[in-house]
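Visitor: build me a structure from this.
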Amino acid sequence: MKVLFATSEIAPWVKTGGLGDVAAALPAALGDAGQDIRVLVPAYPALRRAFPYAREIAALPSVAPALPPCRLLGVENDGLSFILIDCPPLYDRPGNPYLDAHGLDWEDNGVRFGLLSRVAALLGQAKTPLPWRADVVHGHDWQTALAAAFLRYEGGAASVVTIHNVAFQGCFPAELAVGLGLPPDAWRFDGVEYHGQLSFLKAGLQLADRISTVSPTYAREIQGEDFGYGLAPLLRHRAADLTGILNGIDTALWNPSRDPALKTNYGAARLGSKRANRRALQEELGLAVCEDRPVFAVISRLTHQKGLDLLLTLGAGITHLPAQLAILGTGEKELETGFRALAAEHPGQIAVTIGFDEALSHRIEAGADAFLMPSRFEPCGLNQMYSLAYGTPPIVRATGGLADTVVDVNPDTLAAGSANGFVFQEATPHALWLTLERTVATWRNRRTWHRLQQNGMRRDFSWTQAAKAYLRVYEQACSVRAT
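Guide: All right, here's what the predicted structure looks like:
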């Protein structure tokens, strides 16, 4: 099957969250399963630097009134075929692919990702400028969801839209619909119109042949008003076409037995070697080197969604559990400032690194005892799976993919061999505190803790099963399009 994987980011070059990781790993897994995959992504500066030898494979004139001409560049990397949209006026910008230097959305994001969606659809149509034509166009989040609308109105390949976070919907003024070349009859409540605006995501969810999201629990949650962000009625209407498929992780990249970033490699049968990484992490971050308390870790965007305000509310109480805390991330300025102040008040017990460092994130996963993800909502989450792979039991709130991957420790789950972490229900500081107390008590029972670690490390989080599930969705989409 010929599949075009259209994405606005791809790790390690352009990544703001889990989408970048998925865009790197899922196409590779589909390729390993024998499918003919092309990855379409804008030619951001990081990708132009990474692939200076990319060659022009097509030149496109303006395909809609608001869209400038562009070139398509082709390049092969680690067995994957990339198609880069080279349009410097739209994509040759520093930093974040969505935000300017002030942290605000680029004013022309509708045009920037309208072009990405338009080209994605074009490569699944008879008028494709390439000798290759997609059977399925797989878009991700609002940035590429509009491809499904073009394919529905103009004909062409089957379409699949994956929701990574339904809260981000890509809403723009109504006049952009004409500028992007959508036909007049698209402007309907059952088309691309959404409360008087053009919504890329709503259009995709309305018009795609199939919809997926990144965990079974999140697929259920977004059909309810609390998590649907206004789109719950539409998602309930399309429930028969919606599939939740749990993300995998790159088990070659995230593997403690051969991770080059670690002080000492280890595995489920050699957990004693994990202690060397703990000590090395304490030394690197300026934490007191001690063995009488666990090291809790956070690697995250510091936002309300991630529940990090709950952790900040606990403040100095964390050190009195007793426990140490290591945080790596960026986000809301109020949370950044609060955690910095907390670290300054408790040197040697709380360490905060504002920013992101890929190698440090690996060392934190290996050196921490437990990993915190108190998210209010979490479509899938990847760090809890990294943590399980590294023998670092996660502490999570029961939502989305966290609920699908972390099994709370209790006598029954221990006996069944499924317990691998700690789960709480309410998004409150009190519920989090009780779970942290329970975690510290369990950590002191070395035999139980060792079982938790091994249970997590022995679970298969590779992309193999997810790739098979996506192939079934592709087949269903093609069957719909053929009727």
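
Visitor: gap between the two ends of stretch 363-373?
Guide: Across its full length, stretch 363-373 reaches 17 Å end to end, with CA to CA, to the nearest Å as the criterion.

Visitor: again with stretch 338-351
Guide: 12 Å.

Visitor: longest helix of the chain?
Guide: helix 464-482 (DSSP state H).

Visitor: what does it contact?
Guide: Contact partners of helix 464-482, identified using CB atoms under 8 Å, 6 or more residues apart in numbering, comprise 1, 3, 26, 29-30, 32-33, 35, 135-136, 138, 157-160, 208-210, 212, 243, 245-248. C-beta coordinates here come from the backbone N, C-alpha and C atoms, glycine included.

Visitor: again, only using 6 Å
Guide: By CB atoms under 6 Å, 6 or more residues apart in numbering, the surrounding residues in contact with helix 464-482 are Ala29, Leu30, Ala33, Val136, Ala158, Val160, Asp209, Arg210, Ser212, Thr243, Ile245, Gly248.

Visitor: and the helices in the stretch 101-250 of the chain?
Guide: Along the stretch 101-250 of the chain, counting by DSSP state H, counting those that start in this stretch, helices occupy 109-122, 141-154, 176-179, 200-207, 216-221, 225-228, 232-237.

Visitor: can I get the ones you listed in a markdown table including mean pLDDT, mean neighbour count and distance to Arg481?
Guide: Output for the helices of the stretch 101-250 of the chain, formatted as a markdown table (pLDDT from 0 to 100; neighbours: other CB atoms under 10 Å; distance: least, CB to CB, whole Å):
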| stretch | mean pLDDT | mean neighbour count | distance to Arg481 |
| --- | --- | --- | --- |
| helix 109-122 | 98 | 25 | 13 |
| helix 141-154 | 98 | 27 | 9 |
| helix 176-179 | 97 | 19 | 23 |
| helix 200-207 | 98 | 27 | 12 |
| helix 216-221 | 97 | 21 | 22 |
| helix 225-228 | 94 | 14 | 26 |
| helix 232-237 | 98 | 16 | 19 |
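
Visitor: in JSON lines: these, plus distance to Leu311.
Guide: JSON lines is the format used below for the helices of the stretch 101-250 of the chain (distance: least, CB to CB, whole Å):
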{"stretch": "helix 109-122", "distance to Leu311": "32"}
{"stretch": "helix 141-154", "distance to Leu311": "27"}
{"stretch": "helix 176-179", "distance to Leu311": "40"}
{"stretch": "helix 200-207", "distance to Leu311": "30"}
{"stretch": "helix 216-221", "distance to Leu311": "22"}
{"stretch": "helix 225-228", "distance to Leu311": "21"}
{"stretch": "helix 232-237", "distance to Leu311": "29"}
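
Visitor: need the contacts of helix 464-482 in a markdown table with neighbour count, can you?
Guide: Below are these laid out as a markdown table (neighbours: other CB atoms under 10 Å):
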| residue | neighbour count |
| --- | --- |
| Ala29 | 20 |
| Leu30 | 24 |
| Ala33 | 15 |
| Val136 | 26 |
| Ala158 | 27 |
| Val160 | 28 |
| Asp209 | 23 |
| Arg210 | 28 |
| Ser212 | 24 |
| Thr243 | 18 |
| Ile245 | 22 |
| Gly248 | 22 |
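
Visitor: inside strands: which ones of the residues you listed?
Guide: Val136, Ala158, Val160, Arg210, Ser212, Thr243 (DSSP state E).

Visitor: for the fourth one, give its distance to Asp108.
Guide: Here the distance between Arg210 and Asp108 works out to 30 Å (CB to CB, to the nearest Å).

Visitor: for His102, find the nearest of the helices of the stretch 101-250 of the chain.
Guide: For the helices of the stretch 101-250 of the chain, proximity to His102 was assessed by CB to CB; helix 109-122 is nearest, at 14.3 Å.

Visitor: CA-only coordinates of the closest one in PDB, if you can.
Guide: In PDB, the C-alpha atoms belonging to helix 109-122 read as follows (Å, rounded to 0.1, in the frame of the first residue of the first chain):
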ATOM      1  CA  ASN A 109      -0.300  29.800  10.000                       C
ATOM      2  CA  GLY A 110      -3.500  29.200   8.000                       C
ATOM      3  CA  VAL A 111      -1.600  29.700   4.800                       C
ATOM      4  CA  ARG A 112       1.500  27.800   6.000                       C
ATOM      5  CA  PHE A 113      -0.400  24.700   7.000                       C
ATOM      6  CA  GLY A 114      -3.000  25.200   4.300                       C
ATOM      7  CA  LEU A 115      -0.100  24.700   1.800                       C
ATOM      8  CA  LEU A 116       1.000  21.500   3.600                       C
ATOM      9  CA  SER A 117      -2.600  20.100   3.500                       C
ATOM     10  CA  ARG A 118      -3.100  21.100  -0.100                       C
ATOM     11  CA  VAL A 119       0.100  19.400  -1.200                       C
ATOM     12  CA  ALA A 120      -0.700  16.300   0.800                       C
ATOM     13  CA  ALA A 121      -4.000  16.000  -1.000                       C
ATOM     14  CA  LEU A 122      -2.400  16.600  -4.400                       C
END
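
Visitor: follow-up on the earlier one: between helix 141-154 and the longest helix of the chain, find me the angle.
Guide: For helix 464-482 against helix 141-154, the angle by axes from the mean of the first three to the mean of the last three CA atoms, to 10 degrees is 30 degrees.

Visitor: figure out how far helix 464-482 is from the centre of its chain.
Guide: 21 Å (CA atoms, centre = their mean, to the nearest Å).

Visitor: and the average pLDDT for that helix is what?
Guide: Taken as a whole, helix 464-482 carries a mean pLDDT of 94.

Visitor: would you mark the buried spots in that helix?
Guide: Ala466, Ala467, Tyr470, Leu471, Val473, Tyr474, Gln476, Ala477, Cys478, Arg481 (16 or more other CB atoms under 10 Å).

Visitor: quick one on the thing from earlier: could you dump the contacts of helix 464-482 to CSV with distance to Ala370 and pLDDT?
Guide: Converted to CSV, the contacts of helix 464-482 look like this (distance: CB to CB, whole Å; pLDDT from 0 to 100):
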residue, distance to Ala370, pLDDT
Ala29, 29, 94
Leu30, 34, 96
Ala33, 35, 93
Val136, 40, 98
Ala158, 43, 98
Val160, 36, 98
Asp209, 42, 98
Arg210, 38, 98
Ser212, 31, 98
Thr243, 32, 98
Ile245, 27, 97
Gly248, 22, 94
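
Visitor: can I get those in TSV with distance to Glu193?
Guide: Below are those laid out as TSV (distance: CB to CB, whole Å):
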residue	distance to Glu193
Ala29	36
Leu30	33
Ala33	38
Val136	26
Ala158	24
Val160	22
Asp209	20
Arg210	22
Ser212	24
Thr243	26
Ile245	29
Gly248	36
